[in-house]
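K.L.:
Would you be able to build a 3D model of this:
(one chain, ligands or ions: 2)
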Amino acid sequence: MKLLAIETSCDETAIAILECEGDENAARFTILGNALLSQIEIHREFGGVFPAVAKREHAKNLVPILEAALEEAEMLREDRQTFAEGLPERIAKLLEREPDLDEAFLASVSEMEVPDIDAIAVTAGPGLEPALWVGVNFAKALSIIWDKPLIAVNHMEGHTLSALLTEAGERTYELKDVQMPLLALLISGGHTELDAANVWREYQLIGQTRDDAVGEAFDKVARMLGLPYPGGPEVSKLAERDREDSRTNPYKLPRPMIDTNDCDFSFSGLKTSVLYLTKGKELTELEKEQLARAFEDAASDVLYAKASKALAQTGALTLAIGGGVSANAHIRRVFRERLPQDHPEVSLFIPSAFLTGDNAIMIAIAGFYSWLRKDFADIDELKANGNLSLSAS
Ligand code: KG4
Ligand code: ZN
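P.N.:
Ligands and ions are numbered 1, 2, ... in the order given. Predicted coordinates for the structure are as follows:
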């Protein structure tokens, strides 16, 4: 089957078209089209993502991104559509809060052939609610106009499942033989959590941050060091420079909650420690590199310690790490080095670099599993939910 997926939860407008085959035990995905527009340059000016700005950019970009994804999948063909009576009005009503999108949408879809896809998947949450709504309304409009079923996807499940992919050829990936229980460590700008599943796709929250998400801490530390948004990759670059020189680090930072008997995290104290060391000081380049490294070391140690605790608690045999922060070279290194010693029975999955950040491929992956169960969303009922959680409880 072919699935078109839409992602607008934060600052990436993304649409992907995937050919999906197989079942829950063994699935195969081929990327037919993948278009993504990052708003990073726009948000950089403000030093972070403002929901209203993100929403406006998604509304502006969704139609061109749709056309680009269809074109790449060789599904963009000219045709003149005649809409059933009342349909344009229904679409206009649906998109009334997205005025830029409304006109561009009808102008575009009225001149293209209905593509050969079987369903439309969209991120329903979690994320920035105004941003999510644009994608959800756009997906509803496509579902109505093309008469295709709609699938609501949890963004965090997208991060989890896309971590489990293995390469199987050009633009082709497999997801199979996952040993249960599964533990997911989800680390992004908005989330830091551990979820376990004894049964495929039935998640239970094991632990989460009590304050800042780890990506948020990276972004804030970056700002303290005078680095641009998004700060994660910038902090990582500085820290790696210090690691290359393998110098001793004069900075020692706390590892909050590392010894507590639960799987929760806290990153705000760590961030505040960096603040004390930087406030009112003119740091040299060397000091910035050392601080970035000390911060990254502390964050990695805590993430590893809590994931390790959760593995012991749940008896998980598979660990999937997902979310934007899973791009971090040091965090990847720490897990790859320590896990085989401490938990030799556990298979570790970290996504390929191009899948770590937000994208629509992962939304299609998760959407496929709902399609297998015919778990479709009701167009009139589906709502964007900024706080959507992965666990049922
Ligand atoms: O998953 P994601 O793209 O968006 C959210 O759903 O939040 O994650 C974005 C977060 C940002 O905080 C960004 O700074 C962080 O991921 N990030 C990194 C790295 N690349 C992105 N953090 C640390 N090291 C990186 N290499
Ligand atoms: Zn994300």
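K.L.:
Compute the number of surrounding residues for the residue of the stretch 1-150 of the chain found nearest ligand 1.
P.N.:
Nearest residue of the stretch 1-150 of the chain to ligand 1 (Cβ to the nearest ligand atom) works out as residue 10 at 5.0 Å. (Each C-beta comes from the backbone N, C-alpha and C, glycine too.) Residue 10: 25 surrounding residues under other Cβ atoms under 10 Å.
K.L.:
these two touch, right, it and residue 49?
P.N.:
Yes: taking contacts as Cβ atoms under 8 Å, residue 10 lies within contact range of residue 49: 6.2 Å.
K.L.:
residues shared between the contacts of the two?
P.N.:
residue 128 (Cβ atoms under 8 Å, 6 or more residues apart in numbering).
K.L.:
hang on, the earlier thing: now for the residue of the stretch 1-150 of the chain closest to ligand 1: which residues touch it?
P.N.:
Per Cβ under 8 Å, 6+ apart, neighbours of residue 10: 49, 54, 127-128, 131, 189-190, 358.
K.L.:
Quick check: phi and psi at it.
P.N.:
Main-chain torsions, residue 10, degrees, to the nearest 10: phi -140, psi -110.
K.L.:
Look at residue 314 and report its pLDDT.
P.N.:
Looking at residue 314, its pLDDT is 98.
K.L.:
In contact with it, which residues?
P.N.:
Contacts here follow Cβ under 8 Å, 6+ apart; on that basis residue 314 touches 181, 183, 196, 198, 206.
K.L.:
what about 6 Å?
P.N.:
Applying Cβ atoms under 6 Å, 6 or more residues apart in numbering, we find residue 314 in contact with 181, 183, 196.
K.L.:
Show me which residues of the chain are close to ligand 2?
P.N.:
With the criterion set to Cβ under 5 Å from the ion, the chain comes near ligand 2 through 188, 358.
K.L.:
can you give me the helices in the chain?
P.N.:
40-46, 51-72, 87-94, 99-109, 129-146, 155-163, 214-224, 231-244, 268-278, 285-314, 329-342, 353-356, 361-372 (DSSP state H).
K.L.:
Pick the most buried one from these.
P.N.:
The highest mean neighbour count among the helices of the chain, using mean count of other Cβ atoms under 10 Å, belongs to helix 155-163: a mean of 28.
K.L.:
tell me the angle that helix makes with helix 129-146.
P.N.:
70 degrees (axes from the mean of the first three to the mean of the last three Cα atoms, to 10 degrees).
K.L.:
Only C-alpha atoms, please: export stretch 101-120 in PDB.
P.N.:
Extracted in PDB, the C-alpha atoms of stretch 101-120 (Å, rounded to 0.1, in the frame of the first residue of the first chain):
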ATOM      1  CA  LEU A 101      -3.600  27.700   2.800                       C
ATOM      2  CA  ASP A 102      -7.200  27.700   1.800                       C
ATOM      3  CA  GLU A 103      -6.800  29.400  -1.600                       C
ATOM      4  CA  ALA A 104      -3.500  27.700  -2.500                       C
ATOM      5  CA  PHE A 105      -4.900  24.300  -1.500                       C
ATOM      6  CA  LEU A 106      -7.900  24.400  -3.800                       C
ATOM      7  CA  ALA A 107      -6.000  26.000  -6.700                       C
ATOM      8  CA  SER A 108      -3.400  23.200  -6.500                       C
ATOM      9  CA  VAL A 109      -5.600  20.100  -5.900                       C
ATOM     10  CA  SER A 110      -8.100  21.200  -8.600                       C
ATOM     11  CA  GLU A 111      -5.400  20.900 -11.200                       C
ATOM     12  CA  MET A 112      -3.800  17.600 -10.300                       C
ATOM     13  CA  GLU A 113      -4.800  14.000 -10.700                       C
ATOM     14  CA  VAL A 114      -5.800  12.100  -7.500                       C
ATOM     15  CA  PRO A 115      -2.500  10.400  -6.600                       C
ATOM     16  CA  ASP A 116      -2.300   6.600  -6.300                       C
ATOM     17  CA  ILE A 117      -2.200   6.500  -2.500                       C
ATOM     18  CA  ASP A 118      -4.200   4.400  -0.100                       C
ATOM     19  CA  ALA A 119      -4.300   6.600   3.000                       C
ATOM     20  CA  ILE A 120      -3.200   9.800   4.600                       C
END
